[in-house]
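*Asks:* quick one, structure for this:
(3 chains)
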Amino acid sequence: MSDQPTEGAKPAPIVSRHDPRYEVTMYRYVGVDGAHKLDFYRSHGGYEAARKALTEMTPAQVIDEVKASGLRGRGGAGFPTGVKWSFMAPPDGKPRYLVCNADESEPGSFKDRYIMEDDPHQLIEGMIIAAYAMHATSSFLYVRGEYYLGYERTLAAIEEAREAGFLGENILGTDFSFDIVMHRGAGAYICGEETALMNSLEGLRATPRLKPPFPAAAGMYGRPTTINNVTTLTSVVHIINKGAAWFESMGTDDSKGTKLYQISGPVKRTGVYEMPMGASFRELIYDFAGGPTMEPKAFIPGGSSTPMFPWEDRFLDMPMDYGTLAKNGSMLGTGGVIVIPREKCIVNALYNVVRFYSHESCGKCTPCREGVGHWLPRMYQKLLAGQGSLADVELLESVAGNIRGNAFCPLADACIMPVQASLKWFHEEYEYLATNGKSKYAKNDWWQA
Amino acid sequence: MSEPTDITPFFADKQEFVAEVLSRYPDEGRRSAIMPLLWEVQRTELYVSDSRVREIAEIVDTTATEVKGVLSFYSTYHEQPVGKFHVQICSTLSCALAGADEMYDFLVEELGIVHGETSADGHFSLQKVECVGSCGTAPVLQVNDTYYERVGRGRCQHLLDALRQGEMPAPWRERGGDTEGAEKPAALDHTAAPGDRRGEG
Amino acid sequence: MKVRINGLELDFPAGTSAIDAVFAAGNDVPYFCSLPYMSPIGACRMCLARIGAPRKDRDGSWILDEETGEPKIFWFPNLMATCTTQVMEGMVIDTESERVKDAQNGMVEFHLINHPLDCPVCDKGGACELQDRSYEYGNGLSRFEFDKRHTEKHHPLSDLITLDRERCIHCKRCVRFFEEVPGDELLDFIDRANHTYIGTADPGLPNNFSGNIVDVCPVGALLDASSRFRGRNWEYDHIRTTSMDDATGAALIVDARTGRIERITPGLNPDVNKTWIDDGVRFGHEYCDAPGRLTTPLLRRQGELEPVSWEEAAAFIAGRLEGLSGKDVGVVIRADSTLEEGVAAMALAEELGTGQLDHAPRPAASLIAARGSATITDLATADAILVVGDVTEEAGILDLRIKDALKGVTPPTLMAHGVPIADLRLKERMPRRREILTVAAPYRVDLMRHAGSAARYPVGGEAAFFRALSKLANDETATLDADEEAATGLTGEGARALVARLAGAKNGVLVMGGFVLARREAADAARAFAKAAGVNELAVGPMANSYGLELLGVLPSHERYGYKGMLEGAKALIISQLDPAQDEDLKERLRDKELLVVHDIFLTDTARLADVVLPAASVYERDGTVVNLEGRFLPVRAAPVDSGSSTDLTGVVRAIGEALGKRLDGRSVRSARRNLKKRFDLDLAELPDVGTLPRLKRPSPAKVVTQEPAAKSGNVLVVPSMARTEFLSLNPHLSAAVGGPRLRVHPEDAAEHELADGVAVRLKVGGTWRQAVVSVTDAVPKGLMTVPSLPEQPVGLAQADLAGAVVEQPRVEVAS
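*Replies:* Just a heads-up that it's a prediction; the model follows:
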């Protein structure tokens, strides 16, 4: 899809990493020794965006810039960030909070961890700018408990930043005072859901809250709060540095900017790849990750909560953006691609996924606690033990249908939609298993030397 | 489990620490201190006993029941002691595709304990955990707070040997992917038909 | 706003929940986690419905449906939980379509997959919301074939409540009850996902209102241990009546079967107790069945009490009375006697021509406020409250209504289907306005934990307390000297803040407990302060009909003819449900009486001295009326309990009257009510269940008072208790839960007198030997002990002979 540039028309958007106009920004220093230190960060232009925002822009201007950039939340929901910031109730002299959601627990996602371990100052700078924009008086950085190295490095970076005057009272000589409190999680995927995260932060059991009230009206301790993902905040740094137009020049109509994609499973080079939104799955999987190392069968586009696609050109060529995925019955999620090889029984793979959600269900609502938590794993176990029948496959479909859309929070759907996708695209594997009492693909030696 | 009634409070000599933790949160948010205080107990004593639950409840001014409700919700707080080396095997999809289930079976065989158990000498405990956020370097083992990545059979044996000696070897950490030093893509190698590609130009 | 439910359009105020709209329209949806008076949480997912609403365009006008020209309905993509959805203008709710029915079916199925098939052995059978909803909304057959979750089935949460964890459907009502109603987070979910279970780390559920969780539980997970396995719900007679255990008049439902009371649960009274009762009321009924209940009259012949008929007993009494001058006879009734019994007592006294008539216990001060009393609703909506005393023990419902006030949410408007099922103003863990509440007592009371400030004034110092506060109330510039500050138990600043808050309140309430009413001086000082600060007062009488009997006028003609006086001076006594012989000195006096008639339910010490003993109906066995502390007339209805030929005082008066050849007023409940109709212009036979608060001509406070209690000082404070101490040993479950009557002793005093925590002691308080269990605690100041009250030993200071205390039994270590 190439536009014929006409006089005065905008240049074609950057939708491929191969585009020579594209530059990696967020992921530049990951993997570089010592990049997590303040000296390194400053010597590479660090905290310039914060300085610019705090001394040359008003909070409203910062929000406008982020709105204009088209940045959408990178935690999975994809809500327009600038708009989200503008939902914050007007300042009333009482506390207001920015919360960074670093509870990255979606299977297939690991980008936030790399940022926190190798480039934490970028996150801190993003938080400063975001807090300034929404008049936040304080912030929490909720990091999942398992990310201990990330916690240590980010905590050290916060201390460095404070000593250098980027955090604390009157930052950079302005009247904006702000600091970051790190809070460690303790192993619960549901804490990635923003209202459950707030409950966890408040020292309650981490079950999700009712909305309304929305966090921007009443969040942490009942005060206006905005929760943003790690890479949403790091994106803000570059938006301020290089301008909304720069960010907006990348990506598709509904998905702007540059994003960290992840890829795991049997491909040559697993890992994180920063790419403009709109790049295709094919580009990520083949051009950069070196292609599959085993014959592939399916891929999960954006973390285990997102419905899978069979390994077909029409899907591999999809641009990795929010709209396209949604139109095709899935979601971009966190952009964590997982490649599923032919030799992996789909039913077995889905059992793994279902088991994940059954462990992570918070237990609050009945369809998730009983359906996802108890019934679904057992149905899969029965099939995989060779004791299931076609009637059991039908029952699975029926029960999954009863759960879909009826639970308190999206976790149940995050389990069910992949289940339903697997049934849609690979029904014959379920049937084979049910009829023959064994998987069509029985490989069970995956562990390499 | 019954406990002696006369126990030295855990936080008796950690008042500065407690004060610092409480200072992170506003007064009306005292309960937020529960998790950091639980972690401190967990880290030191390898589990959180009922008396520590009561202590924490008093510090944050809530009931012991509430603290217990929080403690029991999470996968990394334990109500029974874990081992000196708490081995956690990531078992979710990407790691399963890299052999996590087999690695688990191997560890069960080697250590003589299963998920949720601690060895009799308190040296090892085993837990199958869900995605630890290192899918690109699967399979991954977490021992206490440290990630060991791309743990193939060889590395796993090496790790076990070291742990048995009471040492944690230097972690294997890789970034792979898009990082400096990682093998950069040379030619465009894929198997799609020509003309299918986007973004060229 | 206009809402259409299954085609029917109705109007609702903003803030109404969709589920209440559905029920108001005469439809229904199933629900488990919602409950009237508690926060809606949307957890069970049973109440799902298909909901749509119109949307406005940018210019503020409705987006119209092109075909119909009506506002277009945008349906929410998913089914919505109606309990947590607020109605909007033009909202359309569908609960009847296939999609909704399928979802309801599916949700029932999920609830049942792990639920054990215990119905045949489960106490909840027949009254179980899960059974009912499964029948109404479920499929009939289960498709689940796997192993159910197995966990503990008889976990004793406390001596009163048993938990079957397998039956729990995780509705969270019990957890929310504790946080939202008494404000004590004693239960929570433990663990996560499908392993979640209900548990506690606060053993024994130390809270006076724990029994209510048995009612809120929709299934048989939480069960009343005292009535477990006793009967089937459909076998019980459910008698709606009023609690006679304290002055609040909570609504009750008494479940009786084959002539015994099996269980007590709360009734609904939105203006009094809502749907809650305290544990003393709930579990304090077992004594009615205890062996030793008197079932026939007894007459002393040859020194021994022998069973006789009512006629014989009455004839004997009439005979003796003829030989006496009427004015030498004293008639005294217990303060929880009904109004009808009060009429009977007055009629008898009048017939005998005696002014020696009284009810006991009766505080020194009048309960009837000259300026009118606050109502319980006033208290629940107050913006400043001062409580003096231990209201949690004395009148438990007031504790809960005060906690309502702390939330700042007014009582819900009743809808067509009653109390709203999902009041969206209620949220989990709402912030509390603690600053509006001050609790004052001479020792630490539980309610102080919830108050913004606590005033521990010196024991016996109620009058000084109020005089100091009045000084500030009457003069904004005044300051307190050191003595006055000490008298308030607050700092000077704190006292000033308290007074300012009360004086500035739109609806301030002063709750005066028994300590204040025990001395006229204190009550007068309190009332003067209330007037100066412009707050309403609420006086807590000692018993269920204290207010009513004072209002009716069951009072002596002169101070010296009151209860204390008649015990000394009368030659003949007719005593109903009091036991003065507990006091060793009085016991001697009673032996000398020419006629002693005792009307009671057990053979008490006094009854053992009597010439005639008449079997009494217990509080659950009477038809009548009581008046609570607000002045609300409430109906009392008899449960079908088998207690022989026992009767209330109207029966006694009928029998005596007949023997005297007279038809006395109050010879029956009906005749008493004719009298009461003339008096109060109320038809008491037609009283609604929730009672009525009539506008009576302001009654003037009784001019007669008792003699002041002798003790102005003492080493023990007799304090209120939710469990009626005189029956505690006959209420085994309640007794186990509260651990017996507690003698609270300061640690230093305990050490000095070698009293260890938990030992059972007997010690003489005043003239009465008291049994108690020592509780060593710093809740009391050094030098002061507390012991719970008896009808014969009402709240106030007394002297205990510590030196003569007898240790009954060393502490028994109970294996936990």
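*Asks:* now do the helices in the stretch 301-449 of chain A.
*Replies:* Counting by DSSP state H, counting those that start in this stretch, the stretch 301-449 of chain A has these helices, from start to end: A:313-316, A:322-327, A:346-360, A:366, A:376-384, A:390-403, A:411-425, A:427-436.
*Asks:* buried set for the second one?
*Replies:* Spelled out, that is helix A:322-327. Using 16 or more other CB atoms under 10 Å in any protein chain shown as the test for burial, helix A:322-327 gives A:322, A:324-325. Where C-beta positions appear, they are placed from N, C-alpha and C, glycine not excepted.
*Asks:* the lowest-mean-pLDDT helix or strand in chain C pairs with which strands?
*Replies:* Using mean pLDDT, DSSP states H and E, the weakest-scoring helix or strand in chain C turns out to be strand C:806-809, at a mean of 80. Neighbouring strands of strand C:806-809 in its sheet, by DSSP bridges, are strand C:760-765 (antiparallel).
*Asks:* then the partner strand to PDB, C-alphas only?
*Replies:* Provided in PDB are the C-alpha atoms of strand C:760-765 (Å, rounded to 0.1, in the frame of the first residue of the first chain):
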ATOM      1  CA  ALA C 760     -13.000 -19.000  88.000                       C
ATOM      2  CA  VAL C 761     -13.700 -17.100  91.200                       C
ATOM      3  CA  ARG C 762     -16.500 -16.400  93.600                       C
ATOM      4  CA  LEU C 763     -16.500 -13.100  95.300                       C
ATOM      5  CA  LYS C 764     -19.000 -11.000  97.200                       C
ATOM      6  CA  VAL C 765     -20.000  -7.800  95.400                       C
END
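*Asks:* name the next helix or strand downstream of it, please.
*Replies:* Using DSSP states H and E, the helix or strand that follows strand C:760-765 towards the C-terminus is strand C:768-776.
*Asks:* what sits up against that next one?
*Replies:* C:582-584, C:729, C:739-747, C:750, C:755-764, C:787-788, C:790, C:792-793, C:800, C:808 (CB atoms under 8 Å, 6 or more residues apart in numbering or on different chains).
*Asks:* can you rerun that using 6 Å?
*Replies:* With contact meaning CB atoms under 6 Å, 6 or more residues apart in numbering or on different chains, strand C:768-776 is reached by C:582-583, C:739-745, C:747, C:750, C:755, C:757, C:759-763, C:787, C:793.
*Asks:* in helices only, show me the residues you listed.
*Replies:* Judged by DSSP state H, the subset of the contacts of strand C:768-776 located in helices is C:747, C:750.
*Asks:* now, which of the contacts of strand C:768-776 lie within strands?
*Replies:* C:742-745, C:760-763, C:787 (DSSP state E).
*Asks:* buried among these? Need that as a selection in PyMOL.
*Replies:* To isolate the buried members of those in PyMOL, using 16+ other CB under 10 Å:
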select buried, chain C and resi 742+743+744+745+760+761+763+787
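*Asks:* nearest to residue C:431 among the ones in strands among the contacts of strand C:768-776?
*Replies:* residue C:744 (32.5 Å; CB to CB).
*Asks:* state the distance from the closest one to residue B:133.
*Replies:* 55 Å (CB to CB, to the nearest Å).
*Asks:* again with residue C:681
*Replies:* 77 Å.
*Asks:* same check on residue C:759?
*Replies:* Residue C:759 is 58 Å from residue B:133, where distance means CB to CB.
*Asks:* and if you look at residue C:40?
*Replies:* Taking CB to CB, one finds residue C:40 at 36 Å from residue B:133.
*Asks:* ok and the residue in the stretch 1-150 of chain C nearest chain A?
*Replies:* residue C:106 (3.3 Å; CB to the nearest CB).
*Asks:* and what of the stretch 401-550 of chain C?
*Replies:* Counting by CB to the nearest CB, the stretch 401-550 of chain C gets nearest chain A through residue C:431, at 6.8 Å.
*Asks:* what's the mean pLDDT across stretch C:37-52?
*Replies:* For stretch C:37-52, mean pLDDT rounds to 98.
*Asks:* which residues sit against it?
*Replies:* By CB under 6 Å, 6+ apart, stretch C:37-52 touches A:364-367, A:406, C:19, C:29-34, C:73-76, C:79-84, C:92-95, C:97, C:100, C:103, C:107, C:171, C:176, C:180, C:274, C:422, C:426-428.
*Asks:* count of neighbours near residue C:338?
*Replies:* Counted with other CB atoms under 10 Å in any protein chain shown, the neighbours of residue C:338 add up to 30.
*Asks:* how about the nearest residue to it, chain neighbours excluded?
*Replies:* Once flanking residues are discounted, residue C:338 sits nearest to residue C:624: 2.7 Å by CB to CB, 6 or more residues apart in numbering or on different chains.
*Asks:* contact partners for the one you found?
*Replies:* C:338, C:340, C:636.
*Asks:* same question, residue C:160
*Replies:* For residue C:160, the contacting residues are C:211, C:225, C:283, C:733, C:737, by CB under 6 Å, 6+ apart.
*Asks:* all strands of chain A, in order?
*Replies:* A:97-102, A:138-143, A:180-184, A:225-229, A:258-264, A:271-276, A:296-300, A:309-310, A:336-341.
*Asks:* return the residues of the stretch 201-350 of chain C in contact with chain B.
*Replies:* Contacts of the stretch 201-350 of chain C with chain B, taken as CB under 6 Å from any CB of the partner chain, map to C:201-202.
*Asks:* ok, the closest residue to residue C:644 other than its chain neighbours - how many residues close by?
*Replies:* Leaving out its chain neighbours, the residue that sits closest to residue C:644 by CB to CB, 6+ apart is residue C:295, at 2.4 Å. Neighbour count for residue C:295, taken as other CB under 10 Å: 13.
*Asks:* do residue B:123 as well
*Replies:* By other CB under 10 Å, neighbour count at residue B:123 equals 14.
*Asks:* quick check, pLDDT for it.
*Replies:* What the model reports for residue B:123 is a pLDDT of 97.
*Asks:* in the stretch 351-500 of chain C, which spans are strands?
*Replies:* Under the criterion DSSP state E, counting those that start in this stretch, strands of the stretch 351-500 of chain C are mapped to C:357-360, C:384-388, C:437-440, C:453-455.
*Asks:* kindly report the same for chain B.
*Replies:* Using DSSP E, the strands of chain B run over B:85-90, B:124-129, B:141-143, B:146-148.
*Asks:* quick one, which of those is nearest to residue C:329?
*Replies:* strand B:124-129 (82.1 Å).
*Asks:* identify all contacting residues around that closest one.
*Replies:* B:82-83, B:85-91, B:111, B:113, B:115, B:118.
*Asks:* distance from the chain centre to it, please.
*Replies:* The chain centre lies 9 Å from the centre of strand B:124-129; the measure is CA atoms, centre = their mean, to the nearest Å.
*Asks:* next one: stretch A:332-351
*Replies:* Distance of stretch A:332-351 from the chain centroid (CA atoms, centre = their mean) equals 17 Å.
*Asks:* and for the residue lying closest to residue C:48 once chain neighbours are set aside, the neighbour number?
*Replies:* Among residues not flanking residue C:48 along the chain, residue C:79 sits closest, at 4.0 Å (CB to CB, 6+ apart). Residues near residue C:79, counting by other CB under 10 Å, number 22.
*Asks:* ok, residue C:79 touching residue C:103?
*Replies:* Yes. Counting by CB atoms under 6 Å, residue C:79 does reach residue C:103; the two are 5.4 Å apart.
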